[in-house]
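**Q** the following block contains a protein sequence and its predicted model.
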Amino acid sequence: MGYMRSIKKMLTWLSPRKIFIPVQRKIEKEWTGSDYGGFYVHLPVLNEESVVLSFGVGEDVSFDRQLIESRQLKIYAFDPTPGVEKFVQSFQDETDNFHFLPVGLGVKDREEWFYPPENPEHISGSVVPKDATRAKAFPVQMKTLSTIVSEARIDRFDLLKLDIEGAEYEVIPQILNNGFKPLQILVEVHPDLFSDGRKRTRKLVKLLNENGYQIFGVSNTCRELSFIRL
């Protein structure tokens, strides 16, 4: 099992604009959510008093559902993609611990063009321009983390999950610069969206390390990275 995992990571590292990411800190971790929408989480530090900000929902609330069921914590979820709000409504009706807002996370409070995925079976869009779907781009409301927590009256949060389709390279530096330092930051990186994707990813990991975060979990694809600050 461990051997095959290493082979998968090595193949990812060898493929264009992908990158191999090593674990920097060995602590207890549990994969939370589906294979598609999950991340490694350090669960012992989370409880019913914890607050999670989950950016990028799409059509998979398995991560949010599992965290709520296992830790009875509160989750604020965000996604500007049309159709997501309707998709999550049934789950939102099930529990008082899940709150959804149809906005995206950006570096400015403004409308931005959202480019749909090339695969029509997928739903997650991106602010990163794509020639193949440029004609189908549509405007969505983006807000900074400072604005979002202020408007939602969120005093503190313990875990930040970011699946924001390439925007992480600009958003995370701003988040750290503004003084937000939750205990855990889970981020899906997208080096394949940029010609210098490996460089951007290494720079992002270095920045998080400099701010006291270490990687404790890496998915088989090396795209879902889990950081902790202890």
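**A** Cool, the structure landed.

**Q** starting at the chain centroid, how far to stretch 77-92?
**A** Centroid separation between stretch 77-92 and its chain, computed with Cα atoms, centre = their mean, to the nearest Å, is 16 Å.

**Q** and the end-to-end length of it?
**A** 10 Å (Cα to Cα, to the nearest Å).

**Q** outside of that stretch, which residues touch it?
**A** With Cβ atoms under 8 Å, 6 or more residues apart in numbering as the test, stretch 77-92 has contacts from 53-59, 61, 64-65, 98-105, 114, 123-125, 138, 140-142, 148. In short, each C-beta sits where N, CA and C put it, glycine included.

**Q** likewise stretch 221-230?
**A** Against stretch 221-230 from outside (Cβ under 8 Å, 6+ apart): 8-9, 12-13, 18-21, 25, 27, 29, 38-42, 181-190, 205, 208, 211-219.

**Q** what do you get if the cut-off is 6 Å, keeping everything else the same?
**A** By Cβ atoms under 6 Å, 6 or more residues apart in numbering, the residues outside stretch 221-230 that reach it are 9, 12, 20-21, 39-40, 42, 183-189, 208, 212-213, 215-218.

**Q** for it, buried residues please.
**A** For stretch 221-230, burial by neighbour count (16 or more other Cβ atoms under 10 Å) applies to Cys222, Arg223, Glu224, Leu225, Ser226, Phe227, Ile228.

**Q** which residues of this structure fall in strands?
**A** Remark: strands assigned in the chain by DSSP state E are 30-32, 39-41, 51-55, 74-78, 98-101, 104-105, 110-114, 138-143, 159-162, 184-188, 214-218, 224-228.

**Q** what pairs with the shortest one, parallel or antiparallel?
**A** Okay, so that is strand 104-105. Here strand 104-105 has these sheet partners by DSSP bridges: strand 138-143 (parallel).

**Q** and the strand it pairs with, how far out from the chain's middle?
**A** With Cα atoms, centre = their mean, you get 17 Å for strand 138-143.

**Q** quick one: it to strand 74-78, angle?
**A** For strand 138-143 against strand 74-78, the angle by axes from the mean of the first three to the mean of the last three Cα atoms, to 10 degrees is 140 degrees.

**Q** so where is the chain shaky, pLDDT-wise?
**A** By pLDDT under 70, the weakly predicted segments of the chain are 1-19, 121-122, 132.

**Q** most centrally placed residue in it?
**A** Leu162 (1.8 Å; Cα atoms, centre = their mean).
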